[in-house]
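Novice: Sequence first, predicted model second:
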Amino acid sequence: MISKKLAIDVLNEALRSGADYAEIFYEDSTAYSVEIENNKVERSSSNSTQGVGIRLLRGNESVYGYTNDLTRKGLIGLAGSLANRFNGERVLSVEDLTQIRAKNRNPVVHSYDDVSKEDKIALIREGTQAIADLGDPRIVRYTGTFLNNHRFVAVFNSKGKWFKRDSEFGRMMYQVIAADQNGFESAYEGPGAQQDISYFRTKVTPKDTALKAANKALLMLTAAECPSGRMPVVIGNGWGGVLFHEACGHPLEASAIAKGLSCFNGMYGKPIASKVVSAVDDSTIPGAWGSIDIDDEGNLGSKRQLIKDGILVDYMVDDFNGRRMGREGNGACRRQNYRYCPTSRMSNTYIENGKSTKEEIIAATKLGLYAVGFNGGSVDPTTGEFNFGCSEAYIIRDGKICEPVKGATLIGKGNEILQKIDMVANDLELGQGMCGAASGSIRTNVGQPTLRVSEITVGGRGGELKL
């Protein structure tokens, strides 16, 4: 790590020509991954990353640069070249730096650095062997992957503050492809957490995770084509939250709001969802995949209530975009690594529990679609328009979950769908993923309870939905 004295010198060099804020982001991280394909180890690799990113702000202007030359000459040189982008007089100097401390909500008791490569391979092989033991010839390819990362970060800024953050996380992933004469289907499961390897031996085991993916792929292989049209859609808990994340979460980030590029601009304090909908972005959940104790600008992580009983009550804000909004950041600033300029991003984003049960929602739906899993899609934050493909879905008839269907696509606008949510269950779950945006790919949790959208356009090749 760079010294506090060097950090002060670098900050002052960066501030010499009129910048009103300067920030140094130091990172030292190591990562390991292993992939097993069809029960054979295909690749095992480790890598390390070390470098510094420097950001300068002046009003609503921002410049950013990075380097892995951590010598005094290299850092002063980078700060100077960035300072040359401005041509004003010094308005700020840094005399000292005070460390900001936060409660470590995500301690890893036994570091992944102390777990052997052989143990990690043996862990993931438990799942691939379970798939092999099924002996189903329709399974033509399956992979199991385990990865872990140990990341140390330190941030120094011209507010006279500095902090450090030491975090570790692990993730196991299984993907299964099943095929027959009619085509192929794939399924995926990928739980992760900021917890040590015991999490994957007790909470989410390799065998259960792998077989869940295998059975889903086989089930969808036999499914009929999904009907199309306007219909009620019950969206399953956990990974069903990816629809809210993409279609509603991104438009609530300050990076969109501050520039007038969100479908929710001008809606603060107004209803944007039905009264049964409340949603949060919470970076303080202990051990959760997307949690952070301190964000990448030095603001403490927090629980941000975004929607309360249908009313828009807050956004995810970073300090820079907050300048345009007349407010300070609320701990939502993140980046992939030192090569990326930070901005407002989600952490653990979910719709809160409602008062219904999953069984009540299904029973109250005479005819519709039950969408459990999603396999990608697209969204325009400016308009809220989206389309998402369903990886697992079923027809609901007379209040019962019936036959599986494939090829379903949900089409609509996020701000309109929020208004059409008429029932929310009490079975909240979270699902782990990676979110890509301007500041790179970061860990995020999506989530929700089971809920029902009263009407949404469903695309499919199965004709008209009938009882």
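Specialist: Received the coordinates, thanks. Numbers count the residues shown, from 1 in each chain.

Novice: what ranges of the stretch 201-350 of the chain fall below the confidence cut-off?
Specialist: For the stretch 201-350 of the chain, no stretch has pLDDT under 70.

Novice: can you tell me how far residue 182 sits from residue 392?
Specialist: 17 Å (C-beta to C-beta, to the nearest Å). (C-beta placed from N, C-alpha, C; glycine too.)

Novice: out of these two, which sits in the busier spot?
Specialist: With neighbours defined as other C-beta atoms under 10 Å, residue 182 and residue 392 compare such that residue 392 has more, 23 against 8.

Novice: I'd assumed residue 220 was in contact with that one.
Specialist: Yes - if you go by C-beta atoms under 8 Å, residue 392 and residue 220 touch, sitting 6.3 Å apart.

Novice: Pull up the overlap in contacts between those two.
Specialist: 187, 404 (C-beta atoms under 8 Å, 6 or more residues apart in numbering).

Novice: domain assignment for the protein?
Specialist: Following automatic domain parsing, one finds the domains of the chain at 4-221, 224-459.

Novice: Between the two ends of the longest one, what distance do you get?
Specialist: End-to-end distance of domain 224-459: 14 Å, with C-alpha to C-alpha, to the nearest Å as the criterion.

Novice: count of residues packed around residue 101?
Specialist: Residue 101, neighbours per other C-beta under 10 Å, totals 11.

Novice: who are the neighbours in contact with it?
Specialist: residue 163.

Novice: Regarding it, what is its secondary structure?
Specialist: Under DSSP: H, G, I helix; E, B strand; the rest coil, the three-state class of residue 101 is coil.

Novice: same thing with residue 217?
Specialist: Reduced to three states by three-state DSSP, residue 217 is helix.

Novice: So which elements touch the one helix or strand residue 142 maps to?
Specialist: For residue 142, the element it lies in under DSSP states H and E is strand 139-157. Packing contacts for strand 139-157, counted by 3 or more C-beta pairs under 8 Å, 6 or more residues apart in numbering; DSSP states H and E, involve helix 4-14, strand 21-37, helix 117-134, strand 161-180, helix 206-221.

Novice: Include distance to residue 64 when you put these into CSV, please.
Specialist: Listed next are the helices and strands packed on strand 139-157 as CSV, based on distance: least, C-beta to C-beta, whole Å:
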stretch, distance to residue 64
helix 4-14, 11
strand 21-37, 9
helix 117-134, 35
strand 161-180, 19
helix 206-221, 39
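
Novice: how about TSV for those, with mean neighbour count and distance to residue 378 added?
Specialist: Shown next, in TSV, are these (neighbours: other C-beta atoms under 10 Å; distance: least, C-beta to C-beta, whole Å):
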stretch	mean neighbour count	distance to residue 378
helix 4-14	20	38
strand 21-37	20	28
helix 117-134	18	31
strand 161-180	21	21
helix 206-221	21	22
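
Novice: With respect to residue 296, which of those lies nearest?
Specialist: strand 21-37 (6.5 Å; C-beta to C-beta).

Novice: What residues of the helix or strand following the closest one count as buried?
Specialist: Proceeding N to C from strand 21-37, the next assigned helix or strand is strand 40-58, under DSSP H and E. Within strand 40-58, the residues that qualify as buried are 51-58, counting by 16 or more other C-beta atoms under 10 Å.

Novice: Show me how far strand 40-58 is from its chain's centre.
Specialist: Put simply, strand 40-58 sits 18 Å off its chain's centre (C-alpha atoms, centre = their mean, to the nearest Å).

Novice: How about stretch 444-462?
Specialist: In terms of C-alpha atoms, centre = their mean, the centre of stretch 444-462 is found 18 Å from the chain centre.

Novice: beta partners of residue 395?
Specialist: residue 369 (DSSP bridges).

Novice: Name the nearest residue to the residue of the chain positioned farthest from its centre, sequence neighbours excluded.
Specialist: For the chain, the largest distance from the centre (C-alpha atoms, centre = their mean) belongs to residue 89, which lies 40.6 Å off. Sequence neighbours aside, residue 18 is the residue nearest to residue 89 in space, at 6.0 Å (criterion: C-beta to C-beta, 6 or more residues apart in numbering).

Novice: Report the separation between residue 394 and residue 89.
Specialist: For residue 394, the distance to residue 89 - C-beta to C-beta - is 67 Å.

Novice: I meant residue 143, not that one.
Specialist: Taking C-beta to C-beta, one finds residue 143 at 58 Å from residue 89.

Novice: How about residue 36?
Specialist: The spacing between residue 36 and residue 89, counted by C-beta to C-beta, is 60 Å.

Novice: With residue 331 instead?
Specialist: Separation of residue 331 from residue 89 (C-beta to C-beta): 33 Å.

Novice: can you check residue 252 too?
Specialist: Using C-beta to C-beta, residue 252 is found at 38 Å from residue 89.

Novice: and residue 83, how many neighbours?
Specialist: 23.

Novice: which non-adjacent residue is nearest it?
Specialist: residue 17 (4.6 Å).

Novice: you'd agree the one you found is up against residue 81?
Specialist: No - at 11.1 Å, residue 17 does not count as touching residue 81 under the criterion of C-beta under 8 Å.

Novice: Between these two, which has more neighbouring residues?
Specialist: Neighbour count, other C-beta under 10 Å: between residue 17 and residue 81, residue 17 has more, with 19 against 15.

Novice: ok, that one - contacts?
Specialist: 83-84, 86-90.

Novice: Does it belong to a helix, a strand or coil?
Specialist: At residue 17 the chain is in coil, as set by three-state DSSP.

Novice: quick one: it and residue 141, what's the gap?
Specialist: Residue 17 sits 57 Å away from residue 141, going by C-beta to C-beta.

Novice: repeat for residue 6
Specialist: 51 Å.

Novice: Repeat that for residue 467.
Specialist: 38 Å.

Novice: the more surrounded of these two?
Specialist: residue 141 (13 against 7).

Novice: check contacts around residue 353.
Specialist: Here residue 353 is in contact with 424-428, 449 (C-beta under 8 Å, 6+ apart).

Novice: same thing but 6 Å
Specialist: By C-beta atoms under 6 Å, 6 or more residues apart in numbering, residue 353 lies in contact with 426, 428, 449.

Novice: swap in residue 352?
Specialist: residue 278.

Novice: Apply 8 Å and report the result again.
Specialist: Counting by C-beta under 8 Å, 6+ apart, residue 352 touches 278-280, 428, 449.

Novice: just these now: which is nearest residue 379?
Specialist: In terms of C-beta to C-beta, no member of the contacts of residue 352 lies closer to residue 379 than residue 279, at 16.1 Å.
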